[in-house]
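Undergrad: just to be clear, the model below is a prediction. Sequence and coordinates:
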Amino acid sequence: MRLFFTTFVVVSICARQLAHASSTQPITRVVLSHSGHGKRHHPCKASITNSTVPTGNSISLCMVPTVEELREQLKNIGGLNKHYAAVTKEEADKFVNLLPPPRPSFPKVKAMPFPIIWSHLWSAVSRNSRAASRRTDQENNIVSSKKTRCIHRGDRTELGMIRLCSECQRISRLSSDRFPRYINEVACSDEKPTRLEENDSCCNKNKGMCIQRFLFLDFLVRTENYEEVPSPDPGQFPKAFKQVWQPYTQKIRSCCECQLW
């Protein structure tokens, strides 16, 4: 009887302390997560080459498309334009010249009013142009770009006209999740001018700006999706999955155009 009374007193004191604590401090509710109820990733999700993964009591085969299969898929959505795209570096080294051969330059006019004001303005324009070029590379999935040849403002065109903008041919390499990976481009010159009158960002005696123009081609991009396909060896791999690549539109720099203010 004494033991029961002592236990009752202890329980009553604990209950009063708990009630007092709950009235003065917020109570944190902890929700236990069940990992089994979360979204399950495909077992082949991290595969970028042919590999095997354990699935239950068996082994599944994860496959990626071959270059030939990707070429065939690209062919079904328009094909490979060899003037602007290449699958391998060897193919890219054989890109056609997109710029005409250089001709004698036209004499440049060096006179410019308000040199101090213009200097600050053109310096800002140059910085903005170079920053825009870097953003273009990031937005267009370009990881590296090599300049091969350039033509300059003031040069004669094949028709004898005067060029208003400088532009350079570039071989650019896309990220590894794109197909094909090499593109042939003509980009506005992003070089820092050595003299004020050589700023290639402006055109038509500084009455306009050289603007990058683009063309658009259908390319393929790797996804994180896999589709089940017939297994090449059902005895060893009861299930086989192949990585899915899907079409997307790739922007390619095509020319530099003078547009007036």
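TA: Thanks, I have the structure now.
Undergrad: alpha carbons only for contacts and neighbour counts from here, please
TA: Noted.
Undergrad: isn't residue 239 right up against residue 60?
TA: Yes: taking contact to mean C-alpha atoms under 8 Å, the distance of 5.0 Å between residue 239 and residue 60 places them in contact.
Undergrad: settle it for me: which of these two has more neighbours?
TA: residue 60 (22 against 19; other C-alpha atoms under 10 Å).
Undergrad: how close does that one sit to residue 235?
TA: The span separating residue 60 from residue 235 equals 11 Å under the rule C-alpha to C-alpha, to the nearest Å.
Undergrad: ok, now residue 70?
TA: Spatial separation of residue 70 from residue 235 under the definition C-alpha to C-alpha is 28 Å.
Undergrad: bridged to residue 249, which residues?
TA: Residue 249 has these beta-bridge partners by DSSP bridges: residue 218.
Undergrad: quick one: which of residue 70 and residue 235 has more around it?
TA: Applying other C-alpha under 10 Å to residue 70 and residue 235 shows that residue 70 carries more neighbours, namely 19 against 8.
Undergrad: give the next helix or strand downstream of whichever helix or strand that one is part of.
TA: Residue 70 is located in helix 67-75, with elements delineated by DSSP states H and E. Tracing the chain past helix 67-75, the next element assigned as helix or strand by DSSP H and E is strand 85-86.
Undergrad: mind listing residues that contact that next one?
TA: Residues outside strand 85-86 that contact it (C-alpha atoms under 8 Å, 6 or more residues apart in numbering) are 80, 92, 180-184.
Undergrad: please repeat the previous calculation with a cut-off of 7 Å.
TA: Strand 85-86 has contacts (C-alpha atoms under 7 Å, 6 or more residues apart in numbering) with 92, 180-184.
Undergrad: in TSV, list those residues along with pLDDT.
TA: Written out in TSV, the entries for the contacts of strand 85-86 read as follows (pLDDT from 0 to 100):
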residue	pLDDT
92	97
180	98
181	97
182	98
183	98
184	98
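Undergrad: taking the residues you listed together, which two end up most distant?
TA: 180 and 184 (11.4 Å; C-alpha to C-alpha).
Undergrad: low-confidence stretches in the stretch 51-200 of the chain?
TA: For the stretch 51-200 of the chain, applying pLDDT under 70 flags the ranges 102-136, 138, 190-200.
Undergrad: where exactly do the strands run in it?
TA: 51-55, 58-63, 85-86, 142-151, 167-174, 178-179, 182-188 (DSSP state E, counting those that start in this stretch).
Undergrad: could you check the angle strand 142-151 makes with the fifth one?
TA: Yep, that's strand 167-174 we're talking about. Strand 167-174 and strand 142-151 are oriented at 160 degrees to each other (axes from the mean of the first three to the mean of the last three C-alpha atoms, to 10 degrees).
Undergrad: in its sheet, which strands sit next to strand 167-174, and in what direction?
TA: Applying DSSP bridges, strand 167-174 is found paired with strand 142-151 (antiparallel), strand 182-188 (antiparallel).
Undergrad: export it to PDB, keeping only CA atoms.
TA: Coordinates of the C-alpha atoms in strand 167-174 are reproduced here as PDB (Å, rounded to 0.1, in the frame of the first residue of the first chain):
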ATOM      1  CA  GLU A 167      34.000  38.300 -86.200                       C
ATOM      2  CA  CYS A 168      35.900  35.100 -85.500                       C
ATOM      3  CA  GLN A 169      35.300  31.400 -86.500                       C
ATOM      4  CA  ARG A 170      35.400  29.200 -83.400                       C
ATOM      5  CA  ILE A 171      35.400  25.500 -82.800                       C
ATOM      6  CA  SER A 172      33.400  25.000 -79.600                       C
ATOM      7  CA  ARG A 173      33.000  21.800 -77.500                       C
ATOM      8  CA  LEU A 174      29.800  21.100 -75.700                       C
END
